[in-house]
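S.K.: Give me coordinates for this.
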Amino acid sequence: MSDLAAALDVVGARWALRIVERLLDGPQRYGDLQRDLGVPTNMLATRLRELEEASVLARLPLTHNTRAYALTERGLALREAIDALGRWGAELDEVSAASAPD
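M.R.: Below you'll find the predicted structure:
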């Protein structure tokens, strides 16, 4: 398996990188992630569990039976890749806008 394939096994699933991107701003509660991203709750729970099992994020203990999540060092190491993908996406928007008929 290539290194890229191994990385995509961890963060290539739908919503995974968006969750990591959101957590780059700091720890987030489950409900805030769900609301801000618009991800279905069952999908969010699955992705959070997968990312936790891959040591990308960790669950934080909170009171009142609420959950919050924060990136681990492994998760924080994704910042450069996410920033690069964001720049790439912005360039796609510029290309699309430039080629759109007037």
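
S.K.: what about residue 17, distance to residue 79?
M.R.: Taken as Cβ to Cβ, to the nearest Å, the spacing of residue 17 relative to residue 79 amounts to 11 Å. C-beta coordinates here come from the backbone N, C-alpha and C atoms, glycine included.

S.K.: Sorry, wrong one. I was asking about residue 57.
M.R.: Distance check for residue 57 against residue 79: by Cβ to Cβ, it reads 13 Å.

S.K.: So between those two, which is more surrounded?
M.R.: More neighbours sit around residue 57 than around the other of residue 57 and residue 79, counting by other Cβ atoms under 10 Å; the figures are 24 against 13.

S.K.: so what does the helix ranked longest in the chain touch, helix or strand wise?
M.R.: For the chain, the helix reaching the highest residue count under DSSP state H is reported as helix 79-99. Contact here means 3 or more Cβ pairs under 8 Å, 6 or more residues apart in numbering; DSSP states H and E; on that basis helix 79-99 packs against helix 16-23.

S.K.: Same question for the helix or strand where residue 6 lies: list its buried residues.
M.R.: Residue 6 belongs to helix 3-11 when elements are defined using DSSP states H and E. Buried residues in helix 3-11, defined by neighbour count with 16 or more other Cβ atoms under 10 Å: 10-11.

S.K.: likewise stretch 67-84?
M.R.: Going by neighbour count (16+ other Cβ under 10 Å), the buried part of stretch 67-84 is 68-69, 71, 75, 78.

S.K.: ok, back up a step: what distance separates the helix holding residue 6 from the centre of its chain?
M.R.: Using Cα atoms, centre = their mean, to the nearest Å, we find the averaged C-alpha position of helix 3-11 to lie 14 Å away from the chain's own average C-alpha position.

S.K.: Convert the C-alpha atoms of that helix to CSV, please.
M.R.: This file holds the C-alpha atoms of helix 3-11, laid out as CSV (Å, rounded to 0.1, in the frame of the first residue of the first chain):
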residue,chain,number,x,y,z
ASP,A,3,1.8,6.1,1.8
LEU,A,4,-1.0,8.2,0.1
ALA,A,5,-3.4,5.2,0.2
ALA,A,6,-2.6,4.7,3.9
ALA,A,7,-3.3,8.3,4.6
LEU,A,8,-6.6,8.2,2.7
ASP,A,9,-7.6,5.1,4.7
VAL,A,10,-7.6,7.4,7.7
VAL,A,11,-8.9,10.8,6.4
